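Chemist: predicted structure and sequence below. I'll ask about it afterward.
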Amino acid sequence: MNLYNEINLWLSDAIFWIGVLVVIIGLLFIIVPGQVDRFASRTNKWISTSQFFESLDRHRDQDQFFYLHHRIVGTLIVLCSIYIFNLILVNPGYEVMARTLEQMAGSAFTSWLYPQLLIILVVATFIALFVGVIIFIRPAMLKAFDARVNRWVDTQGKLEVFDSTHSLPEDKVKNNLRFYGVIVFLGGCYITLTIYLAQAS
């Protein structure tokens with residue numbers, strides 16, 4: 001028996017016993033709906049996620065630390081940019097890296113894409129070097145730009161819809177437990193009989 005057949009057999013057994021469980025639940029809905037309702041009421045707990053999302057949604061301002069240590073930040077950005085430039089343009093060099101990327105490509109598209117990404121990396125590194133020099137010398141030049149693009153988006157109001165109770169489906173089931181019990185019972189019987197007949201054939 002190969003692995004594919006073993007997985008199919010395991011899935012069939014799992015679905016069969018799930019069907020048996022569904023049949024039992026359906027019978028409980030039909031025979032003892034009151035006890036099922038009381039059990040569901042005791043175990044039904046609503047967990048509010050507002051405290052969890054509140055900590056994630058809290059505004060954290062790191063700009064003061066950034067501007068206070070602008071020389072260290074600027075130096076790190078400049079050094080990283082110079083290191084990348086050294087790899088691309090000096091050792092091993094642009095042509096060597098371009099040929100290496102073309103050899104790594106597995107298709108015509110990737111053989112075209114990889115050199116373009118290398119060009120984008122060179123441009124991005126040049127921009128990073130320019131920004132690093134500005135941060136090191138005059139970080140105040142970036143404050144106006146930072147004030148325009150730095151926006152904090154409050155998600156608390158948008159997440160409230162997910163953090164409220166919606167009990168309409170549950171109330172409908174509770175008011176018609178026997179009816180839904182019959183549906184669940186028939187569905188479980190269909191599942192178990194289908195799997196049983198498939199395994200017997």
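Modeler: Arrived safely. Residues are numbered from 1 along each chain as shown.
Chemist: burial count for V73?
Modeler: The criterion is other C-beta atoms under 10 Å. On that basis, V73 has 17 neighbouring residues. Where C-beta positions appear, they are placed from N, C-alpha and C, glycine not excepted.
Chemist: show me the residues around the nearest residue to it once chain neighbours are set aside that make contact.
Modeler: In space, V73 comes closest to I135 once its chain neighbours are excluded; the distance is 5.7 Å by C-beta to C-beta, 6 or more residues apart in numbering. Contacts for I135 (C-beta atoms under 8 Å, 6 or more residues apart in numbering) come out as 70, 73-74, 77, 142.
Chemist: just the buried ones out of those, please.
Modeler: Buried members of the contacts of I135, scored by 16 or more other C-beta atoms under 10 Å, are 70, 73-74, 77, 142.
Chemist: for this structure, which element, helix or strand, carries the lowest mean pLDDT?
Modeler: Among the helices and strands of the chain, helix 156-159 carries the lowest confidence by mean pLDDT, DSSP states H and E, at a mean of 63.
Chemist: and which of the buried ones among the contacts of I135 is nearest L101?
Modeler: Among the buried ones among the contacts of I135, I77 lies closest to L101 (C-beta to C-beta), at 25.0 Å.
Chemist: what about that closest one, which helix or strand?
Modeler: helix 70-85 (DSSP states H and E).
Chemist: so how far is I15 from the residue lying closest to G19 once chain neighbours are set aside?
Modeler: Nearest residue to G19 in three dimensions, chain neighbours excluded: I191, at 3.2 Å (C-beta to C-beta, 6+ apart). Distance, I191 to I15, using C-beta to C-beta, to the nearest Å: 6 Å.
Chemist: between these two, who's got more neighbours?
Modeler: Comparing I191 with I15 by other C-beta under 10 Å, the one with more neighbours is I191, at 19 against 15.
Chemist: any idea how far that one is from F109?
Modeler: For I191 relative to F109 (C-beta to C-beta), the value is 46 Å.
Chemist: by contact count, what packs against the helix holding I77?
Modeler: helix 108-137 (3 or more C-beta pairs under 8 Å, 6 or more residues apart in numbering; DSSP states H and E).
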